[in-house]
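S.K.: Got a sequence here, can you model it:
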Amino acid sequence: MSPAAPALVPVQTRSERLASASVDDFAPVTGLEFEWKFVPLAAVKHLTDGALDGSPTAFGYTESAGTAVEWIDASDARVGSAGLPEDRAAANAWSSVEKVLSIVVSGEPAEELVVTRSHFGSAPRAAHVLVEARPHSSGIVILQQNGAANLAENVEIVVGDGAQLTVVTVQEWDDDAVHLSNHFARVGRDANLRHVIVSLGGRAVRVNPSVHLVEQGASIDSFGLYFADSGQYFEQRPYIDHQAANTRSRVNYKGALQGAGAHTVWVGDVLIGPHADGTDSYEQNRNLVLSEGARADSIPNLEIETGNIVGAGHASSTGRFDDEQLFYLQSRGITEEEARRLVVRGFLAEIIQQIGSPALEERISAAVEAELVAAEGVRG
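M.R.: Numbering: from 1, shown residues only. The predicted structure is shown next:
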């Protein structure tokens, strides 16, 4: 009798997942995997399993002192310095690109660089962006994305010792766009990364940041804002890996949903490793459901492998409008429609104010207002 096959032991911790730049190292996606169980596979499978065009795509950017933007070869030694793919879509994109868009921040004080990408088209494509903040530099990098897209991409972020970097990614795609994006960040000694995700447009948008605090004193402030309409799917799976001592993380994501079939997913993973003494960490996700037929899945996870920490916690909530808030506002002479807008604006303003770019904050506020006015038109 032949020996029995060894039992499959599932991955027990987030840090044990396979990381590889080769798509062949990942099995085809079936939807049974936890990392894919919520995703509408029919909408994205061509990006996980199909051929992708990895040629460079036209983009625009604002001139900014202390920054440099250029294409570099995918074989450049700097590529892969922030991390490697942990799923098949990311590996497919990684192995398909011919050039990597390099953004280097070397100035001080902070300058704002806006990179606009709107020429991907409807064919399946791959992209790769590498953002580097040189030691003791500071800057703001905004990736503004709109138009048509069928895109799988990787974004690497390397924050040098003592640097202060903000990276904002704004998804305002066309209604039928599909975007699978994985962000990998490596934060150095006494450095800080402020990472902001704003998802407002697209059919299926998945932006998953993986942040590694690898040196003492490293910190991350991770924020997310999303507003899903009928038929839209937005997913975020932030992972914060505390490797070094005296590191700090704050994760705060907020979303609003309206319309039948609107679906959002947030899975937050925080790992405090065995050498991460003195860690101070907190993550939360809050969702506001504005209509029937919308669904928000929210799953916070916390792993602690050392007992010598400052603090660690997580919170998650999903709810509808507070009737008492609406009643209070209406009792002051405010119409129901305006009261609803005030509640949602106040709910999301906390995240918008963290972006750090006044012009972008104003534009995102206007976009949220437009979403609310459109919703009133549908209800009317």
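
S.K.: Could you point out the longest helix of this structure?
M.R.: helix 358-379 (DSSP state H).

S.K.: buried sites along that one?
M.R.: Buried residues in helix 358-379, defined by neighbour count with 16 or more other C-beta atoms under 10 Å: Leu360, Glu361, Arg363, Ile364, Ala367, Val368, Glu371, Leu372, Ala375. Every residue, glycine included, has its C-beta placed from N, CA and C.

S.K.: Identify the residue nearest the first one in space, chain neighbours excluded?
M.R.: Nearest-residue entry for Leu360: Ile142, 6.2 Å, with adjacent residues in sequence omitted and distances by C-beta to C-beta, 6 or more residues apart in numbering.

S.K.: any idea how far the one you found lies from Val198?
M.R.: Here Ile142 is placed at a distance of 10 Å from Val198 (C-beta to C-beta, to the nearest Å).

S.K.: So for those two, which residues contact both of them?
M.R.: Residues touching both Ile142 and Val198 (C-beta atoms under 8 Å, 6 or more residues apart in numbering) are Val168, Thr169, Val170.

S.K.: Could you dump these into a markdown table with secondary structure and neighbour count added?
M.R.: A markdown table is the format used below for those (DSSP: H, G, I helix; E, B strand; the rest coil; neighbours: other C-beta atoms under 10 Å):
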| residue | secondary structure | neighbour count |
| --- | --- | --- |
| Val168 | strand | 23 |
| Thr169 | strand | 23 |
| Val170 | strand | 24 |
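
S.K.: so which two of the buried residues of helix 358-379 are the farthest from each other?
M.R.: Greatest spatial distance in these: Leu360 and Ala375, 22.7 Å, computed using C-beta to C-beta.

S.K.: Contacts only, for the residue nearest the centre of the chain.
M.R.: For the chain, Val207 is the residue whose C-alpha lies nearest the centre (C-alpha atoms, centre = their mean; 3.9 Å). Going by C-beta under 8 Å, 6+ apart, Val207 touches Thr169, Gln171, His179, Ser181, His183, Ile197, Ser199, Glu235, Gln236.

S.K.: low pLDDT regions in this protein?
M.R.: 1-13, 321-330, 333, 336, 375-380 (pLDDT under 70).

S.K.: residue ranges of the helices in it, please?
M.R.: Under DSSP H, the chain gives helices at 41-49, 88-96, 323-331, 336-352, 358-379.

S.K.: one step back: Ile142 and Val198: who's more crowded?
M.R.: Counted by other C-beta atoms under 10 Å, Ile142 and Val198 do not tie: Val198 has more neighbours, with 27 against 23.

S.K.: For Ser55, see how far away the closest residue to the more buried one other than its chain neighbours is.
M.R.: Excluding the flanking residues, the one nearest Val198 by C-beta to C-beta, 6+ apart is Val170, at 4.6 Å. Val170 sits 24 Å away from Ser55, going by C-beta to C-beta.

S.K.: go on, Ser219?
M.R.: On the measure of C-beta to C-beta, Ser219 and Ser55 end up 37 Å apart.

S.K.: more neighbours, those two?
M.R.: Neighbours per residue (other C-beta under 10 Å) separate Ser219 from Ser55, with Ser219 holding more: 20 against 12.

S.K.: how near is the more buried one to Thr279?
M.R.: 10 Å.

S.K.: With Val167 instead?
M.R.: Applying C-beta to C-beta to Val167 and Thr279 gives a distance of 22 Å.

S.K.: Repeat that for Asn285.
M.R.: 20 Å.

S.K.: just to revisit the earlier point, identify the contacts common to Ser219 and Thr279.
M.R.: Joint contacts of Ser219 and Thr279 (C-beta under 8 Å, 6+ apart) are Thr247, Arg248, Ser249.

S.K.: Quick check: the last one touching Asp269?
M.R.: No. Between Ser249 and Asp269 there is no contact under C-beta atoms under 8 Å: 11.2 Å.

S.K.: mind listing the strands for the stretch 1-150 of the chain?
M.R.: 60-61, 67-73, 99-105, 111-117, 124-133, 138-147, 150-159 (DSSP state E, counting those that start in this stretch).

S.K.: Which elements pack onto the fourth one?
M.R.: Contact analysis of strand 111-117 by 3 or more C-beta pairs under 8 Å, 6 or more residues apart in numbering; DSSP states H and E lists strand 60-61, strand 67-73, strand 99-105, strand 138-147 as its packing neighbours.

S.K.: May I have the strands that pair with the longest one, each with its orientation?
M.R.: Each strand that pairs with strand 138-147, with its direction, by DSSP bridges: strand 111-117 (parallel), strand 164-173 (parallel).

S.K.: could those strands be laid out in TSV, adding distance to Ser96?
M.R.: Formatted as TSV, those follow (distance: least, C-beta to C-beta, whole Å):
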stretch	distance to Ser96
strand 111-117	17
strand 164-173	20
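
S.K.: which of those strands is buried the deepest?
M.R.: Ranked by mean neighbour count, the strands paired with strand 138-147 are led by strand 164-173 with a mean of 23 (mean count of other C-beta atoms under 10 Å).

S.K.: got the CA coordinates for it in CSV?
M.R.: Once non-C-alpha atoms are left out, strand 164-173 reads as follows in CSV (Å, rounded to 0.1, in the frame of the first residue of the first chain):
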residue,chain,number,x,y,z
GLN,A,164,8.8,61.6,4.8
LEU,A,165,6.8,60.4,1.7
THR,A,166,3.1,60.7,0.8
VAL,A,167,1.7,58.5,-2.0
VAL,A,168,-1.9,59.0,-3.1
THR,A,169,-3.5,56.8,-5.7
VAL,A,170,-6.9,58.0,-7.1
GLN,A,171,-9.1,55.6,-9.2
GLU,A,172,-11.7,57.5,-11.2
TRP,A,173,-11.9,55.0,-14.0
